[in-house]
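Undergrad: here are the coordinates; sequence isn't available:
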């Protein structure tokens, strides 16, 4: 289709597409859609609406959704390019390559909407065995659902998402997890080489308790991704205070899941009392989960002066860490070149408590992990020479590597750090911190 622009008005019960209802293979011939710009409206009164295809079992390359287009499924599965990217029983493999959604909304209209869930800027769902390669979402694209999950690339990922970018977009969701690339990166799924564009505004609206820059919940593999100082607009998170696990890459990294060689540059400075576990890369790393060779730099918490630190980690058991808030798995080879971590913390500590009781009676704040219950190996904080890193909490456990350690820390520490935790000493001097 080249540079042709299709202005469409398509309605079907299911499998509604701006170019094809279903893009499939016939006998040994694999179907292909190449090029073209799509605008107008595509509506499925039930399931599977896509700017290019309602369902894709074959190849879609170089299609762009433009000009205030609107794709809607009144039940499930709506995507800017495909309602669902699928693999068939006869060897079909849905592959979406170099497709773009930059169809900014017209007024308050959603660009992509699925009433009962699975709305994605590129695909409503990316199924097992399928691929989304070098896709892009930008220009304030508005994605939403009334129930369940939504995300900028695919609401749920069971397959492979590699390369591509997420720029400015607005996502309204109703599930427990939200991320810019996908809400849930499921077991066996992979996200690699995706960048959250520097300077973008990525807004989340909904009740999620697992919130991440790449994925809200990671049960698969995330690797070689970059979160490059986007403005994650988090004021629309509606979960109650002290309930959210937030990470620059993933809110929660699940058992047997891995996040590797992912670099996060991000400031989280507002609404800090919403977060139970806050980490530069992952809010929580579950038992059996691995964080490998990741980096974080930025600010977690904000204060003009020490006396103005009145928020963040404000409840006992809250955690904040440069790499991970709560670590129950493995953190290996990670680094924090520069960090400004300033939170209030919380403490109900007393001399009469046992160590186990103390762990339950204070917040934990650290340069690598807030609280470590497993292993930290070869991790370094404040590695940027002359970087001026600081880690500060008025109350609770505070440490350069881990605020509270109930596991193993080896070959880890600070390199050339100045002023690290210096404020704590001043507070001890004036008596304004823990007893």
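TA: Thanks, I have the structure now. This structure is a prediction, so every number in the text was calculated from the model and none was measured.

Undergrad: Which helix or strand in this structure has the lowest average pLDDT?
TA: helix 422-430 (a mean of 47; mean pLDDT, DSSP states H and E).

Undergrad: Okay, buried residues for stretch 265-284 please.
TA: Neighbour counts over stretch 265-284 (16 or more other C-beta atoms under 10 Å) mark 265-268, 272-284 as buried. All C-beta spots, glycine's among them, are computed from the backbone N, C-alpha and C.

Undergrad: and if you look at stretch 38-48?
TA: Using 16+ other C-beta under 10 Å as the test for burial, stretch 38-48 gives 38, 39, 40, 41, 42, 43, 44, 46, 47, 48.

Undergrad: What's the mean pLDDT across that stretch?
TA: Mean per-residue pLDDT for stretch 38-48: 97.

Undergrad: give me the low-pLDDT residue ranges for the stretch 51-200 of the chain?
TA: Within the stretch 51-200 of the chain, no range satisfies pLDDT under 70.

Undergrad: And the stretch 301-435 of the chain, by the same measure?
TA: Applying pLDDT under 70 to the stretch 301-435 of the chain flags residues 303-307, 385-386, 415-435.

Undergrad: which phi and psi does residue 359 have?
TA: Residue 359 has phi and psi values of phi -60, psi -30 when expressed as degrees, to the nearest 10.

Undergrad: Pull the contacting residues for it.
TA: Residue 359 makes contact with 371, 404, 406 under the criterion C-beta atoms under 8 Å, 6 or more residues apart in numbering.

Undergrad: What is the neighbour count of the nearest residue to residue 163 once chain neighbours are set aside?
TA: Of all residues not flanking residue 163 in the chain, residue 134 sits nearest, at 4.1 Å (C-beta to C-beta, 6 or more residues apart in numbering). By other C-beta atoms under 10 Å, the residues close to residue 134 number 16.

Undergrad: For residue 67, see how far away residue 134 is.
TA: Separation of residue 134 from residue 67 (C-beta to C-beta, to the nearest Å): 22 Å.

Undergrad: Residue 356: helix or strand, and which one exactly?
TA: helix 355-359 (DSSP states H and E).

Undergrad: centre of the chain versus that helix, how much separation?
TA: Put simply, helix 355-359 sits 32 Å off its chain's centre (C-alpha atoms, centre = their mean, to the nearest Å).

Undergrad: With stretch 330-342 instead?
TA: Counting by C-alpha atoms, centre = their mean, stretch 330-342 is centred 18 Å from the centre of its parent chain.

Undergrad: Can you get me the start-to-end distance on that stretch?
TA: End-to-end distance for stretch 330-342, by C-alpha to C-alpha, to the nearest Å: 25 Å.

Undergrad: for stretch 309-326, same thing?
TA: Using C-alpha to C-alpha, one end of stretch 309-326 lies 22 Å from the other.

Undergrad: quick one: buried residues of that stretch?
TA: Buried-residue list, stretch 309-326, by 16+ other C-beta under 10 Å: 309, 311-314, 316-326.

Undergrad: burial measure for residue 374, as a count.
TA: Look at residue 374: counted by other C-beta under 10 Å, it has 18 neighbours.

Undergrad: which residue packs closest to it, ignoring adjacent ones?
TA: Counting by C-beta to C-beta, 6+ apart, residue 407 is the residue found nearest to residue 374 once chain neighbours are left out, at 4.5 Å.

Undergrad: what about the one you found, neighbour count?
TA: 18.

Undergrad: what's near enough to touch it?
TA: Taking C-beta under 8 Å, 6+ apart, we find residue 407 in contact with 327, 372, 373, 374, 375, 376.

Undergrad: can you give me the strands for the stretch 301-435 of the chain?
TA: Using DSSP state E, counting those that start in this stretch, the strands of the stretch 301-435 of the chain run over 319-321, 324-327, 330-332, 335-336, 339-343, 364-366, 369-372, 375-377, 380-381, 390-393, 397-399, 402-405, 408-410, 413-414.

Undergrad: which stretch among those strands comes nearest residue 166?
TA: strand 324-327 (22.4 Å; C-beta to C-beta).

Undergrad: now what about that closest one, what contacts it?
TA: Residues from elsewhere that reach strand 324-327, judged by C-beta under 8 Å, 6+ apart: 245, 247, 253, 275-285, 291, 319, 321, 331, 368-374, 376, 402, 407.

Undergrad: What strands line up against it, and which way round?
TA: strand 282-285 (parallel), strand 369-372 (parallel) (DSSP bridges).

Undergrad: Thought residue 321 was touching residue 393, still the case?
TA: No. With contact defined as C-beta atoms under 8 Å, residue 393 does not count as touching residue 321 (11.6 Å).

Undergrad: quick one: common contacting residues for these two?
TA: Joint contacts of residue 393 and residue 321 (C-beta under 8 Å, 6+ apart) are 365, 403.
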